[in-house]
Structures are given as structure tokens and as C-alpha cells.
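**Q** would you be able to build a 3D model of this:
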Amino acid sequence: MNEDWDLRCPETLSAIQQATESAGFRMASDPLTGSLLRVLAASKPGGALLELGTGTGMGTAWILSGMDDSSTLDSVDNDSSVIGIARNFLGHDSRVRFHVSDGAAFLGTLAGRQFDFIFADTWPGKFDHLEEALSLLSPGGIYLGDDLLPQPSWTEGHAPKVPRFLNALQERADLHITRLAWSTGIVLATKHPR
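**A** Model prediction:
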């Protein structure tokens, strides 16, 4: 099997990629991860989706390309300059709401809400404040964390957080999880139905 087949990238992806490179942003979602995001988003018709770490909108574009018209996506990032790129290319889509906020603080505003799919692409909701993120996951909901295999773009302190994060997920009795040594390193978790 060849991973380099035509992924049928979202129409906006090329322009977002160019803007991402011009901005010097190095933590954008990988196309293979993106293709998985699209498939998972499509599995949640009418779903409430959450993206922690918008970046420039590379992952956002993939998620939107899988969502149906009745699904919604909340996407948060603490960097207004990079989220500005996402808004520029994707802000016309009424299914997505962009939020400029600290990820941990934003998670606190969501108490009581439930999401059918959570993409954790930043530290809050993955390496810290994991409990808060998982409390928002609906029964049968899917949680995806990426950037778990060594990458040149990792910032200082990223590497030691990965095994702690994976162990924390593994220890939870309310999740089924699988690890994929693929793309940038993926973990998928599904909350047991109650």
C-alpha cells in the first residue's frame, strides 16, 4: 500500500500551505493526519467538533472537508496571527467558529458541553488539562492527538510529555485507545458508551 496516493486535498489547502510557509509556522497538520481528520469528521454527521490548536487552519480545512452541513466546529488558538490565516481562508464557512484564547482557559468555558470529536493539536487538552478535554467527549466520541513521533519542529519540553500523555490515556478505564506509528504519530481514543 502506498501512502502517496491522491489524498484529494481540500481546495483551500494549497493557499493555506503557502501562507503557512510565508508566516514561518512549522507545526501545521501533516496531510496524512489531515486525511484521517476528514474521515473521522465524516463519521459524526450533525456532530459537535472541537479543534484545540487551530494554527493556520491546515487541520481545520481537512476537518471541514469531512463535515456535513449540520455539523459545527469550534477551533481555538492563542496566536492571533496564525489563526488570522485560518480565518482568511476558512472564515466564510458558517460551520466553524474561531476563538483566540489560551487553550486551557477556553476549555474552562466549555464545561457542560459535549463534543463528538476532539482534535488535540496543542498542549492544552493533550499534555496538560487532559482531564478537562476528555470530560467534554461524548459517549462514543472520538479523541485524536497527534505529533507523538519525534519531529524537527518540536519545541523544547515536547519529548518528555509524550510518554506521560500516552500513559495517562492508557490508564483510563473509560476509553478504548489505539496508537499509530504513522504520520506524525497518532493516538485515537473512543469514550465507552454509558
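**Q** now do the SS call for the residue nearest to the spatial centre of the chain.
**A** With distances taken as C-alpha atoms, centre = their mean, residue 119 lies nearest the centre of the chain, 2.7 Å away. Counting by DSSP: H, G, I helix; E, B strand; the rest coil, the backbone at residue 119 sits in strand.
**Q** what's opposite it in the beta bridge?
**A** Beta-bridge pairing for residue 119 (DSSP bridges): residue 51, residue 144.
**Q** show me the helices in this structure, by range?
**A** Along the chain, the segments classed as helices by DSSP state H run 13-23, 31-42, 58-66, 80-90, 103-109, 130-135, 158-170.
**Q** among those, which is the most enclosed?
**A** Highest mean neighbour count of the helices of the chain: helix 58-66, a mean of 26 (counted as mean count of other C-beta atoms under 10 Å). Backbone N, C-alpha and C define where each C-beta goes, glycine included.
**Q** and it, how far from the chain's centre?
**A** Distance of helix 58-66 from the chain centroid (C-alpha atoms, centre = their mean, to the nearest Å) equals 9 Å.
**Q** run through the neighbouring helices and strands of it.
**A** Counting by 3 or more C-beta pairs under 8 Å, 6 or more residues apart in numbering; DSSP states H and E, the packing neighbours recorded for helix 58-66 are helix 13-23, helix 31-42, strand 48-52, strand 72-77, helix 80-90.
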